[in-house]
Every structure is written in C-alpha cells, then in structure tokens.
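K.L.:
after the sequence you'll find the predicted model.
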Amino acid sequence: MPISTEPIGSIPRPAELVAAWSDRRAGRIPVHEFERIAERALADTIRRFEETGSPVITDGEQTKPSFATYPLEGLANIAADGVVIPFGDGHTRQLPRLTSGPFHYGTYASTYFAAARRLTALPIKQAVISASALSLLYPDSGVPGYSRDAFLADLVDEAVADIRQCLSYGADSVQIDFTEGRLSLKLDPSGGLLENFVALNNRVVDHFSPQQRQRIGVHTCPGGDQDATHSADVDYTGLLPTLFQLHAGRFYVQLASEKDPERVLATLRQHVQPDQMVFIGVIDPINPAVETPDLVRDRILLAAKYLPVSQLGTTDDCGFSPFADDTSTSRDIAFQKIRSRVEGTNRAARELEPS
C-alpha cells in the first residue's frame with residue numbers, strides 16, 4: 001500500500017532572492033527586477049522539487065514575504081507595531097496591526113499557485129494562513145468604527161475565498177498553517193484561546209463540502225524560524241484533543257523533533273477520526289543533519305504501530321524557511337532532506353505491504 005508524502009511548504013530562498021527581498025522592502029530595486037529574480041528562484045525550486053521524486057510539491061513559498069503575512073501585501077490600513085511573538089533563542093517576529101476597516105486581503109494564495117502551475121505538471125499543494133493567525137491583527141484597543149465582530153466576519157469571508165480560489169485553480173490540497181495553535185497554550189494555559197482559534201477556523205472550513213474538506217488540511221508545529229521555536233515546550237497532549245475538533249480531512253503534525261514520539265502517537269491514536277488523514281513529521285528542518293532514508297522508514301514503521309496505514313502519511317515537521325529572510329538552513333540540505341523523506345516513505349510502504 002503506498003503511503004502519501006507531502007512537503008509542508010517553504011524552501012530556503014537563494015541568496016540572490018534573499019537580497020532582493022531586502023532591497024524591495026528598502027525601495028532599492030525596481031519591481032520588474034525583483035520579479036525577474038523571483039521567477040528564476042521559483043523555476044529552480046520547482047525543478048529541484050521534481051528531482052527529489054516528491055509526488056506532490058509546493059512553490060517553496062519563494063515569492064511570499066512570509067507564510068503568515070502574504071495576504072497583507074499591498075494593504076494601506078495596517079501598521080507595523082502589532083503582536084510580538086518571542087522565540088526560544090531570544091529573537092522575535094512582529095505581526096502588523098489593523099488600523100482601520102474594512103479588512104480584506106491584498107494578495108490571495110492562488111496567485112502563487114497559478115505561477116507554480118505554469119512550471120510543472122506535478123500535483124501542487126498550496127499553503128494558506130489560518131484565520132486565527134490573522135485574527136491577531138485586530139488590536140485589543142479596538143478599531144474606531146469597526147467592531148471586532150465585523151472584522152471577524154470579513155476575515156472569515158476572505159479566508160474562505162483564499163481556500164476556494166486555490167481549490168478551483170486545481171490545487172491538489174490546501175494546507176492551513178496553524179502554528180499559533182500550540183503557541184496559544186503558552187499564552188493561555190487554560191485552553192480558552194485555543195478553543196476560540198479552533199472555533200474561528202471551523203467557521204472557515206464549514207463553508208466547504210465534506211468532499212472538499214478531504215482536500216483541506218491543518219498544519220501544527222511549535223514554530224520554526226532561524227533554527228528556533230516559539231512553543232516546543234508546550235505539551236502536545238494539551239493541543240491534540242482540541243486540534244482534532246477542526247473539521248478538516250488532513251492533519252500535518254510535527255513529530256520528528258519530539259522527545260517522546262510514542263507518547264504523541266498514542267495521543268494521536270486516541271483522537272484521530274476515521275475520516276481523517278495524519279501526516280506525521282519524519283524530517284526535522286532545524287537539525288542540520290540529513291536524515292537517512294532508513295531513519296525515515298523506521299519512524300514510519302513506529303507510527304504504523306499506532307495509526308492505520310490507510311490514514312497515515314508523511315511530511316516535514318515544518319517549513320524550512322517560513323520567513324523570506326531566514327537563511328539558517330541551506331537549499332541543498334532542504335532538498336536532501338526531502339529526498340530522504342520520499343525514499344524513506346517508499347521503503348516503509350514496501351515493508352508494510354501485506355505478504
């Protein structure tokens with residue numbers, strides 16, 4: 001029985017593109033020159049993805065400023081001084097802040113999908129940011145003349161449109177990035193914030209038919225940026241029971257970097273529903289050591305002791321470079337790790353075939 005394997009999304013950008021992103025933000029580069037560099041990076045990413053043998057690929061998020069803020073590109077009603085997210089090594093990332101309503105997306109993920117579609121015949125997975133992450137744009141002090149309820153209604157509409165466009169353009173699947181799920185338990189150990197996040201994301205997913213939800217997945221991890229995380233110290237058992245209340249058909253679960261994977265697998269077994277697929281992380285993007293195909297195979301064989309093979313897939317723990325300026329991992333290492341995931345998954349599938 002074949003085992004599905006998919007990447008999470010981002011691939012480290014070439015040095016030329018990293019520099020171009022910096023120049024673009026500072027206004028030092030013409031738009032057409034940035035687009036030429038970005039197109040070259042995208043084409044190279046697609047080619048190298050194809051060479052790994054991966055049955056499903058992504059665009060590597062080469063032309064996204066970050067996995068979280070792409071919808072805000074081109075908007076004038078945001079300021080830079082929003083919520084600050086601290087990482088374990090001391091560095092931070094800061095989200096923008098909404099300054100006025102109404103809220104709408106400046107860029108939809110379908111634009112990235114369409115650009116990649118022109119370059120490959122392989123199935124393409126498209127990542128989108130969750131409504132719950134973007135809900136953090138609304139300041140605690142409020143927005144004059146624009147209530148939080150009105151903002152959330154607009155946000156849900158835009159998040160639905162983001163997913164629907166990707167599906168209608170032919171995306172093999174759409175992955176909702178939900179890294180703030182685990183972080184929410186650090187901010188609110190009672191779980192109330194997590195429950196609110198899940199309820200908001202279900203407002204989005206519930207717009208889709210049961211058949212469409214089988215192509216919609218949710219990715220969870222403790223964050224991954226510059227070889228650091230924001231919530232790896234949060235116990236998975238506090239997250240997973242509520243996570244699987246999301247009305248999605250696929251779950252992409254970071255696991256390779258967990259200290260006690262069997263404990264996580266036991267929790268997964270307890271909460272996964274019969275109509276849900278679980279893609280376990282078998283590659284740690286933060287660890288510079290490239291996993292061997294045999295190590296990947298062994299991780300899958302362990303997971304198969306807890307989860308039905310018919311509901312089991314493999315993935316990477318996280319994207320390799322979710323922010324455009326993250327150079328902590330090289331492109332070469334990222335693609336070597338992906339190749340190991342693909343080969344290791346194939347080896348496990350062969351071993352799990354009934355005799």
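P.N.:
Nice, I can see it.

K.L.:
contacts only, for the residue positioned nearest the centre of the chain.
P.N.:
Nearest to the mean C-alpha position of the chain, counting by C-alpha atoms, centre = their mean, stands Asp177 at 3.8 Å. When contacts are counted by C-beta atoms under 8 Å, 6 or more residues apart in numbering, Asp177 touches Gly9, Phe67, Ala68, Ala127, Val128, Ile129, Ser130, Ala133, His219. (Each C-beta comes from the backbone N, C-alpha and C, glycine too.)

K.L.:
look up how far Leu268 lies from it.
P.N.:
The gap separating Asp177 from Leu268 is 19 Å, by C-beta to C-beta, to the nearest Å.

K.L.:
bridged to the residue nearest to the centre of the chain, which residues?
P.N.:
Applying DSSP bridges to Asp177 gives these bridge partners: Ile129, His219.

K.L.:
how about Gly281?
P.N.:
Bridge pairing for Gly281 - DSSP bridges - gives Thr315.

K.L.:
now the contacts of Asp177 in a markdown table, with pLDDT and distance to Asp162?
P.N.:
Shown next, in a markdown table, are the contacts of Asp177 (pLDDT from 0 to 100; distance: C-beta to C-beta, whole Å):
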| residue | pLDDT | distance to Asp162 |
| --- | --- | --- |
| Gly9 | 91 | 14 |
| Phe67 | 92 | 13 |
| Ala68 | 91 | 13 |
| Ala127 | 97 | 11 |
| Val128 | 98 | 5 |
| Ile129 | 98 | 8 |
| Ser130 | 98 | 10 |
| Ala133 | 97 | 12 |
| His219 | 97 | 15 |
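
K.L.:
any chance of those in a markdown table, plus distance to Leu167 and neighbour count?
P.N.:
Output for these, formatted as a markdown table (distance: C-beta to C-beta, whole Å; neighbours: other C-beta atoms under 10 Å):
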| residue | distance to Leu167 | neighbour count |
| --- | --- | --- |
| Gly9 | 17 | 26 |
| Phe67 | 19 | 24 |
| Ala68 | 21 | 22 |
| Ala127 | 13 | 29 |
| Val128 | 11 | 26 |
| Ile129 | 16 | 24 |
| Ser130 | 16 | 22 |
| Ala133 | 20 | 24 |
| His219 | 17 | 27 |
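
K.L.:
Leu255: which of those is nearest?
P.N.:
Ranked by distance to Leu255 (C-beta to C-beta), these are led by His219 at 12.2 Å.

K.L.:
can you report how many residues lie near Glu16?
P.N.:
A count of neighbours around Glu16, defined by other C-beta atoms under 10 Å, yields 11.

K.L.:
now the residue lying closest to it once chain neighbours are set aside: how far from Pro102?
P.N.:
Of all residues not flanking Glu16 in the chain, Ile37 sits nearest, at 5.6 Å (C-beta to C-beta, 6 or more residues apart in numbering). Ile37 sits 34 Å away from Pro102, going by C-beta to C-beta.

K.L.:
repeat that for Ser231.
P.N.:
In terms of C-beta to C-beta, Ser231 sits 31 Å off from Pro102.
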